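A.B. asks: This is the structure alone, sequence omitted:
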């Protein structure tokens, strides 16, 4: 006899922050794998465009407005998704944005906004779906973290603080949910090419890139694609019951170095092996 019942054939999923970037790619990927998906974001019209594409491809999806900083909005989103798709089996909490700036030059209000979005918002979503999952003794909650939570990066102090606190919350969830049949996971993207942060002015991004190089945090200029993270999140969601992926970090692979360049690095200026 199997230790766990397999995942049900129908697994309704919530994707928060689905209007663009990683959230949009994740919603599309999940739908392609047979998940009925509720896409939520403040820009619900963007979610609806994705829903139309998903349905045209044979998938099942709906778009609903969602602002994770508003408790009533979160409740309405979860209620509407449940009414339309059925009991929620999967939550992907990835809503968020960021702003670059040194902490001492960032107002407390701006700092708090990052905590509200990335930590409190994720908590609102989780606590809205977890009681039902615990009652059914199955379910997955997957949080989108950041490698900034693992290795702090200058000019992203508020974002990094929020994501570090998110790691603590997820770690506690993993301990507290043990034995309930509900799995909590966190996926940490490395540098990813999305609109989040990269639409900022050169005056903000320039100094950040300089400091990242100074601290050894900008080794090359390749970035992950949103689709790379979508595949990883879907992999976590589809992991057969009986095991779970607690933490997953995805980093962009460096561009292939030219063979001659590698030889030059291995040899000194006089053609002798480098010391």
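C.D. replies: Great, that's in hand. Remember, it's a predicted structure, so these values are computed and weren't measured experimentally.
A.B. asks: where in this protein is pLDDT low?
C.D. replies: Scanning the chain with the threshold set as pLDDT under 70 gives 1-2, 194-204, 206, 208-218, 220, 259-275.
A.B. asks: what residue lies at the spatial centre of it?
C.D. replies: Centroid-nearest residue in the chain: residue 144, 2.5 Å away (criterion: C-alpha atoms, centre = their mean).
A.B. asks: Could you check how far that one is from residue 117?
C.D. replies: Applying C-beta to C-beta, to the nearest Å, the value for residue 144 to residue 117 is 12 Å. (Each C-beta comes from the backbone N, C-alpha and C, glycine too.)
A.B. asks: host element of residue 64?
C.D. replies: Per DSSP states H and E, residue 64 falls inside strand 61-65.
A.B. asks: ok, back up a step: are there residues contacting both of residue 144 and residue 117? Which ones?
C.D. replies: residue 96 (C-beta atoms under 8 Å, 6 or more residues apart in numbering).
A.B. asks: Show me the strands in the stretch 101-250 of the chain, by range?
C.D. replies: For the stretch 101-250 of the chain, the strands defined by DSSP state E, counting those that start in this stretch cover 139-144, 182-189, 247-250.
A.B. asks: State the number of residues packed around residue 3.
C.D. replies: The local packing of residue 3 (other C-beta atoms under 10 Å) involves 6 other residues.
A.B. asks: residues touching it, list them.
C.D. replies: By C-beta under 8 Å, 6+ apart, the contact set of residue 3 is residue 242.
A.B. asks: First-to-last residue distance for stretch 28-36?
C.D. replies: One end of stretch 28-36 sits 10 Å from the other (C-alpha to C-alpha, to the nearest Å).
A.B. asks: And it, how far out from the chain middle?
C.D. replies: Relative to the mean C-alpha coordinate of its chain, stretch 28-36 is positioned 16 Å out (C-alpha atoms, centre = their mean, to the nearest Å).
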